[in-house]
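Trainee: One predicted model, sequence on top.
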Amino acid sequence: MNLTFKQLILIALTTVPLWTNAQKIKIKKEVITFDGKEVAKVNTELRDNFLFSTMSGEKAFDVVFKGMSASNIEGFQWLELTSANGEKTEIPYEILMTSLNQTKLIVKLLSAKYGLITTEGIDSGTVAAFFATEREVLSDKYAKTVMEAKNDQMERQAKVGRYKPFVKDDGTIVLGGATGTRIMGRVTHGTNTYTVTDLDGITIGTATGCATCTTVKAKTFTDEDFEFDYGSKTMMTGRFSRSFAQVFVEELLGRDYKLGREATAYKKSLHNEKVKVAKENSVNLYGVPGYVIDEDGTTYEGTIYAVFEKLQLDPSQQESDLYDMNSIDKFGKFVSIKYKNEKGRLRTKRFAARNNIVFGATHEGKEKVFHGMKTKGNAMKKFSNAANLGFDNSYFYEVAYTNSDHSVLSKPGEPNTLVLKFADKKLGFMIDNRENEKVSNALAGFVDNCKSLSNDLKNQEFDLSNFENLKTIVDEYGGCQ
């Protein structure tokens, strides 16, 4: 935040000087001295104008102090410099020493930061290089900011005028002025704190200040921070001030905090948006077209719902007639489909992976096929499920490669968890994180009906972490049949 000149001076007076070992600056009868040595001249007859020249009287450059205010608590200060040739540039106004003399402060800035004045005086080459340097036009930047701030203030005042909020002596907030009857919330007072709550008791905003300061810091339930300053009106006392409460409520309404039951609606809307984004980024399937083939070969076509990973959902956001799939040991184990029966009536049915269910779903234009099965090889997961009283270790896996009904599949959300499924075997075989030798020997026993492949696995001819090798195993197994 940019401060006024007076505020900057006060800060400087309470801060340790940044250049404690720097030269001592004095200005007497327009002559500038550094540690007693005359280095330059400055004419300050015209307010906020500082005309610098060399000790021989040659004009060096002019400085004009500029400032503009965006609000009671925000202002901008800068220096406009003009060379002897009429070149202009602007620099931020900074206080680099403790002093109440503005001319000294400007001399310090020009000497310490820009080297325009040194113990050797004003060097023309340094001045020329300074003006040749391209800089941001601060006056344009600040003017734009001030204009935007004033427009924002006018818009806030217009909003307040529309609602006409009024805070009663007991803190009740009504709309429609002092005679209004529509209650929208309440203002309460604590030690150096005012709190505005809505009709649901939700804190809309909190303002903190003190008895000796006029600038108030406020924070809203949306985590917006802002400040306001109305002089003595915003100085806090030990008692409830209706005028302060009025100012605070108007500041909130001007920023579109309408009270009433708005916070509840806002939080619900925010939650809904978070759910929407979470669903979009999840591997879960919510309401996508697809089909399910049950253990008897019956096909159901309709809308698929499958949860493979945990998603924090408000129960009101879930389909009311879907089974709960967010409880322990449920992820990836069930699929639900909404379909029309032979009478054209809408029905919902859930299927479990343990029954060797197959389902397909079209998501983002791509058709995916999933097989439900139990697997060998995932000992750690089985142990984890058992510890949580979940003894079903079947899951739905997505088909990644198929040849002659033999497949390589992956676990949704865990692309490195791969499973081999052979058409003549009820169980799948998971390629877990054990050493390659151990997994290869276990897989060799699993496919011992294909002798050549089983022997190659025993001889460690496959790196089972390589997806292409798994495809080769599926192809070779198909050749054994």
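Mentor: Thanks, I have the structure now. Quick caveat, the model's predicted, so the values are computed rather than measured. Numbering: from 1, shown residues only.
Trainee: Quick check: bridge partners of residue 172?
Mentor: Taking DSSP bridges, one obtains residue 186 as the residues bridged to residue 172.
Trainee: correct me, but it touches residue 183?
Mentor: Yes - at 6.1 Å, residue 172 and residue 183 qualify as touching, with contact defined as Cβ atoms under 8 Å. C-beta here means a position set from N, CA and C on the backbone, and glycine is covered the same way.
Trainee: which residues of the stretch 51-200 of the chain score low on pLDDT?
Mentor: Within the stretch 51-200 of the chain, the stretches with pLDDT under 70 are 71-73.
Trainee: Can you report phi and psi for residue 100?
Mentor: Main-chain torsions, residue 100, degrees, to the nearest 10: phi -90, psi 0.
Trainee: Any figure for the gap between it and residue 44?
Mentor: Distance, residue 100 to residue 44, by Cβ to Cβ, to the nearest Å: 14 Å.
Trainee: more crowded one of those two?
Mentor: The neighbour count for residue 100 versus residue 44, taken as other Cβ atoms under 10 Å, is higher for residue 44 (15 against 9).
Trainee: now the spatially closest residue to residue 362 that is not a sequence neighbour, which residues is it bridged with?
Mentor: The shortest distance from residue 362 to any non-neighbouring residue, by Cβ to Cβ, 6 or more residues apart in numbering, is to residue 289 (5.1 Å). In this entry, residue 289 is beta-bridged to residue 303, by DSSP bridges.
Trainee: pretty sure residue 289 is in contact with residue 361, am I right?
Mentor: Yes - using Cβ under 8 Å, residue 289 makes contact with residue 361 at a distance of 7.2 Å.
Trainee: circling back to that earlier point, in contact with the residue nearest to residue 362, which residues?
Mentor: 302, 303, 304, 361, 362 (Cβ atoms under 8 Å, 6 or more residues apart in numbering).
Trainee: Next, the distance between the ends of stretch 201-214.
Mentor: End-to-end span of stretch 201-214 (Cα to Cα, to the nearest Å): 28 Å.
Trainee: and what of stretch 442-457?
Mentor: Termini of stretch 442-457 sit 9 Å apart (Cα to Cα).
Trainee: Which residues outside it are in contact with it?
Mentor: Here stretch 442-457 makes contact (Cβ under 8 Å, 6+ apart) with 376-377, 420, 422, 424-425, 429, 431, 440-441, 458, 462, 464, 473, 476-477, 480.
Trainee: Overlap in contacts, residue 289 and residue 361.
Mentor: residue 304.
Trainee: bridging residues for residue 40?
Mentor: Residues in beta-bridge contact with residue 40 (DSSP bridges): residue 32.
Trainee: thinking again about what came up before, tell me which of the contacts of stretch 442-457 fall in strands.
Mentor: Within those, residues falling in strands by DSSP state E are 376, 420, 429, 431.
Trainee: Give me the neighbour count for the closest residue to the last one other than its chain neighbours.
Mentor: Excluding the flanking residues, the one nearest residue 431 by Cβ to Cβ, 6+ apart is residue 418, at 4.7 Å. The criterion is other Cβ under 10 Å. On that basis, residue 418 has 22 neighbouring residues.
Trainee: wouldn't residue 286 be in contact with residue 279 here?
Mentor: Yes - Residue 286 is within contact range of residue 279, at 5.5 Å (criterion: Cβ under 8 Å).
Trainee: which secondary structure element contains the residue most central in space within the chain?
Mentor: Nearest to the mean C-alpha position of the chain, counting by Cα atoms, centre = their mean, stands residue 223 at 11.5 Å. Following DSSP states H and E, one finds residue 223 outside all helices and strands.
Trainee: for the stretch 251-400 of the chain, which spans come out with low pLDDT?
Mentor: Using pLDDT under 70, the stretch 251-400 of the chain drops low at 311-329, 377-391.
Trainee: mind running it again at 90?
Mentor: For the stretch 251-400 of the chain, the stretches flagged by pLDDT under 90 are 258, 262-283, 307-331, 363-365, 376-393.
Trainee: hey, where'd the strands end up in it?
Mentor: According to DSSP state E, counting those that start in this stretch, the stretch 251-400 of the chain carries its strands in the segments 285-293, 299-306, 334-340, 346-352, 358-363, 366-376, 394-403.
Trainee: now for the shortest one, which elements pack on it?
Mentor: For strand 358-363, the helices and strands in contact under the criterion 3 or more Cβ pairs under 8 Å, 6 or more residues apart in numbering; DSSP states H and E are strand 285-293, strand 299-306, strand 366-376.
Trainee: before we move on, the earlier item: so between residue 286 and residue 279, which is more surrounded?
Mentor: The neighbour comparison of residue 286 against residue 279 (other Cβ under 10 Å) goes to residue 286, with 20 against 15.
Trainee: re earlier: which among the strands of the stretch 251-400 of the chain is found nearest to residue 35?
Mentor: Within the strands of the stretch 251-400 of the chain, the stretch nearest residue 35 is strand 285-293; the backing value is 76.4 Å (Cβ to Cβ).
Trainee: Can you check what angle separates the closest one from strand 366-376?
Mentor: Angle of strand 285-293 versus strand 366-376, following axes from the mean of the first three to the mean of the last three Cα atoms, to 10 degrees, is 70 degrees.
Trainee: between strand 285-293 and strand 346-352, how big is the angle?
Mentor: In terms of direction (the same axes, to 10 degrees), strand 285-293 departs from strand 346-352 by 80 degrees.
Trainee: distance between strand 285-293 and the chain's centre?
Mentor: 33 Å (Cα atoms, centre = their mean, to the nearest Å).
Trainee: Output that strand in PDB, but only the C-alpha positions, please.
Mentor: Output of strand 285-293 as PDB, limited to C-alpha atoms (Å, rounded to 0.1, in the frame of the first residue of the first chain):
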ATOM      1  CA  LEU A 285     -17.500 -42.100 -14.100                       C
ATOM      2  CA  TYR A 286     -20.600 -40.100 -13.300                       C
ATOM      3  CA  GLY A 287     -23.600 -40.400 -15.600                       C
ATOM      4  CA  VAL A 288     -21.900 -41.400 -18.800                       C
ATOM      5  CA  PRO A 289     -23.500 -43.700 -21.500                       C
ATOM      6  CA  GLY A 290     -22.600 -47.300 -21.400                       C
ATOM      7  CA  TYR A 291     -23.600 -50.900 -20.800                       C
ATOM      8  CA  VAL A 292     -23.200 -53.700 -18.200                       C
ATOM      9  CA  ILE A 293     -23.000 -57.500 -19.000                       C
END
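Trainee: quick one: that strand to strand 358-363, angle?
Mentor: 140 degrees.
Trainee: Taking strand 334-340 as reference, get the angle to strand 285-293.
Mentor: Put simply, strand 285-293 runs at 80 degrees to strand 334-340, going by the same axes, to 10 degrees.
Trainee: do you know how far residue 397 is from residue 444?
Mentor: 22 Å.
Trainee: Verify the contact between residue 199 and residue 182 for me.
Mentor: No - the criterion here is Cβ under 8 Å, and residue 199 misses it with residue 182 at 10.6 Å.
Trainee: Those two: which has the busier surroundings?
Mentor: residue 199 (16 against 10).
Trainee: Now the phi/psi pair for the more buried one, please.
Mentor: In terms of degrees, to the nearest 10, the main-chain angles of residue 199 are phi -70, psi -20.
Trainee: list the contacts for it?
Mentor: Counted by Cβ under 8 Å, 6+ apart, residue 199 has contacts 183, 184, 185, 259, 260, 261.
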